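Asker: 3D, please:
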Amino acid sequence: MHTESGTARRNHRTSVLIVGGHQLHREGLRLQLEAEANFMVVGDAASAEEGLSEALRHEPDVVLIDVDMPGVSCFDVMRRIHEQLPHIKTVVLSGEKNDGQISRAIHAHAWGYAVKQEGFDKLRNAIEYVTTGKAYYAEGVLDRIQTGDGQPRPGERLWTRLDTLTPRERELLVLLGQGYSLKEASHALHVSYKTADKHKCNLMNKLNIHDRVELARFAIRENIVQA
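Answerer: Below is the predicted model of the structure:
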């Protein structure tokens, strides 16, 4: 862990705390952010628990938090940061764009969802964007979010396609993801074939997927079932 202080510098630069399980990645981000005139890195942490401690200590403008960390879930820590320091903006850094992870980030009061593959320029944009009081979602992430109108706003009710599924539709998705035919799934769910087919149609419409094989692939990508 590294720390840096300086009240005068805070007045002119966006202060950032980096939280992630990979030291080389944290060090690389620190170097890139500190090369920017409008950023200052006040610390870095190797775990979500340490990230919470450092956030309480430094009260940065932005906490950049990698989902790939040992120990306590980063989403649990993000909720705790929001509860104790609601003015801090948290930005999730993820290697995936699956609905389940996006949903967890939304419910943990994330202000931003950045994707590692997009590179540093997009991450810099994410940090700058949330400091203006606007939510940031990487390309392809926003398509998975449903909201009242237009650009999502932090604090409003947001949901992903997965969030719209009923418990029965989720159960059917699991079975189809495991390779069950619709007839086999109807028996497993103790419903008629007609009812199962209705659930399947609703499922496909909500997910905008219109092929049973693609439904199975979606379930695997979302870690709803194991490949």
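Asker: which regions of this structure sit below the pLDDT cut-off?
Answerer: Within the chain, the segments meeting pLDDT under 70 span 1-12, 143-159, 226-227.
Asker: ramachandran angles for the residue of it most remote from its centre?
Answerer: Within the chain, S192 marks the point farthest from the mean C-alpha position, 36.9 Å out by Cα atoms, centre = their mean. Main-chain torsions, S192, degrees, to the nearest 10: phi -70, psi 160.
Asker: packing partners for the helix or strand containing R30?
Answerer: Following DSSP states H and E, one finds R30 within helix 23-34. Of the remaining helices and strands, those touching helix 23-34 by 3 or more Cβ pairs under 8 Å, 6 or more residues apart in numbering; DSSP states H and E are strand 14-19, strand 39-45, helix 120-131. In short, each C-beta sits where N, CA and C put it, glycine included.
Asker: and of those, who's closest to I65?
Answerer: In terms of Cβ to Cβ, the element of these nearest to I65 is strand 14-19, at 4.3 Å.
Asker: can you list the strands that that closest one pairs with?
Answerer: strand 39-45 (parallel), strand 62-66 (parallel) (DSSP bridges).
Asker: would you reformat those strands as TSV and include distance to L142 and mean neighbour count?
Answerer: Shown next, in TSV, are these (distance: least, Cβ to Cβ, whole Å; neighbours: other Cβ atoms under 10 Å):
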stretch	distance to L142	mean neighbour count
strand 39-45	24	23
strand 62-66	19	26
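Asker: looking at those, which is nearest to Y137?
Answerer: Taking Cβ to Cβ as the criterion, strand 62-66 is the member of these that comes nearest to Y137, at 15.1 Å.
Asker: next, the angle helix 23-34 makes with that closest one.
Answerer: 150 degrees (axes from the mean of the first three to the mean of the last three Cα atoms, to 10 degrees).
Asker: quick one: the next helix or strand after strand 62-66 to chain centroid distance?
Answerer: Counting by DSSP H and E, the next helix or strand C-terminal to strand 62-66 is helix 74-84. Chain-centre distance of helix 74-84: 13 Å, with Cα atoms, centre = their mean, to the nearest Å.
Asker: go on, stretch 19-36?
Answerer: Worked out by Cα atoms, centre = their mean, stretch 19-36 lies 19 Å from the chain centre.
Asker: run through who's touching that stretch.
Answerer: The contact list for stretch 19-36 (Cβ atoms under 8 Å, 6 or more residues apart in numbering) reads 2, 16, 18, 39-41, 44-48, 50-51, 54, 63-66, 68-70, 74, 77, 93, 120, 123-124.
Asker: I appreciate the help and will end here.
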